[in-house]
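**Student:** Sequence first, then the predicted structure, then my questions.
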Amino acid sequence: MQTFRKILFVPHGAPTFALNPGAAGAAMSDMVHKLSPPRAIVVVSPHWDTHIPTVSMAPQLETIHDFYGFPDALYKIQYPAIGCPELALEVATVLRNAGMKVDDSSQHGLDHGAWQPLRQMFPDADVPIVPLSMQTHAGPEHALRVGQALSVLTEKNIWVIASGNISHNLRDWQVAASTTGETPTYVHRFADWVNAKLQTNDVNALLNYRQDCADGRQAHPSEDHLLPLFVALGAAGVGAKPQAFYRGVSDYVIAMDGYAFVN
């Protein structure tokens, strides 16, 4: 039997995922139910982006509704998660030990990229959570280094959950929604390319996806939603094998593929 390393890359999709999680949400819930519960979780999301890694020290995490123009029901959702200042200090320490400058926030909560998948996996909000910010400007290699620094925490039953999407081009979403209503072919091609590189542990190709894959730039005009994948890769360590617990597309252009890393 394979043993999960407690490192996940999970999709969060559009804000409406919270109301209609569909097959991706069901797969996410089913996957977590097969695992022993974590002591705590470090979560990264592209929707908390800072110049240097910033750790939330908040003991109670606000549910941040960082989106506009959606159904009123979305803004009523609360995910009353608790923080873990003790673990937050550990996170800051391992990052500093890896040579990074680190900041902290006394009150930052969970943006929708974090609370949406967490709510699906842990609906009772009964696991302590430490949010950690991303640095889009620093690129994939920096995200990989952040994950590598966090890897030591997984030996203490700390899960690292990286939330993003394998493809994320909102301009193409607008085109598809207003015209064809179809998924552009590059979405599946890029998701297949990422999956193939993950299965062969070709980290160098993934790091250089914008040059090595013809669909890379169109799948991600901005790198923010793919960078969490590199945090997961770094935390998983050399030779870790990803297992896809779901592969599919929602909202025309958002590849909702999710991966758990196993020994």
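**Tutor:** The structure has been received and is ready for your questions.

**Student:** What is the burial count for P123?
**Tutor:** Using other C-beta atoms under 10 Å, P123 is surrounded by 10 other residues. C-beta: built from backbone N, CA, C; applies to glycine.

**Student:** wait, is it part of a helix?
**Tutor:** No: counting by DSSP: H, G, I helix; E, B strand; the rest coil, P123 is not part of a helix but coil.

**Student:** which stretches of this protein have low pLDDT?
**Tutor:** For the chain, the stretches with pLDDT under 70 are 1-5, 263.

**Student:** ok, 50 please
**Tutor:** 1-3 (pLDDT under 50).

**Student:** In it, which strand is the longest?
**Tutor:** Of all segments of type strand in the chain, defined using DSSP state E, the longest is strand 40-49.

**Student:** Now that one - C-alpha only, CSV.
**Tutor:** Extracted C-alpha coordinates of strand 40-49, given in CSV (Å, rounded to 0.1, in the frame of the first residue of the first chain):
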residue,chain,number,x,y,z
ALA,A,40,-1.9,21.0,11.5
ILE,A,41,-1.7,22.3,8.0
VAL,A,42,0.4,24.9,6.2
VAL,A,43,-1.5,26.3,3.3
VAL,A,44,-0.3,28.4,0.4
SER,A,45,-2.6,30.1,-2.1
PRO,A,46,-1.9,32.5,-5.0
HIS,A,47,-4.4,34.9,-3.6
TRP,A,48,-2.1,36.0,-0.8
ASP,A,49,0.9,37.4,-2.6
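
**Student:** on contacts alone, who are the packing partners of the next helix or strand after it?
**Tutor:** Going down the chain from strand 40-49, the next helix or strand is strand 54-56, by DSSP states H and E. Helices and strands touching strand 54-56, as assessed by 3 or more C-beta pairs under 8 Å, 6 or more residues apart in numbering; DSSP states H and E, comprise helix 85-97, strand 103-105, strand 129-134.

**Student:** how about the host helix or strand of D192: buried residues?
**Tutor:** Per DSSP H and E, D192 falls inside helix 185-199. Buried residues in helix 185-199, counted by 16 or more other C-beta atoms under 10 Å: Y186, V187, H188, R189, F190, A191, W193, V194, N195, K197, L198.
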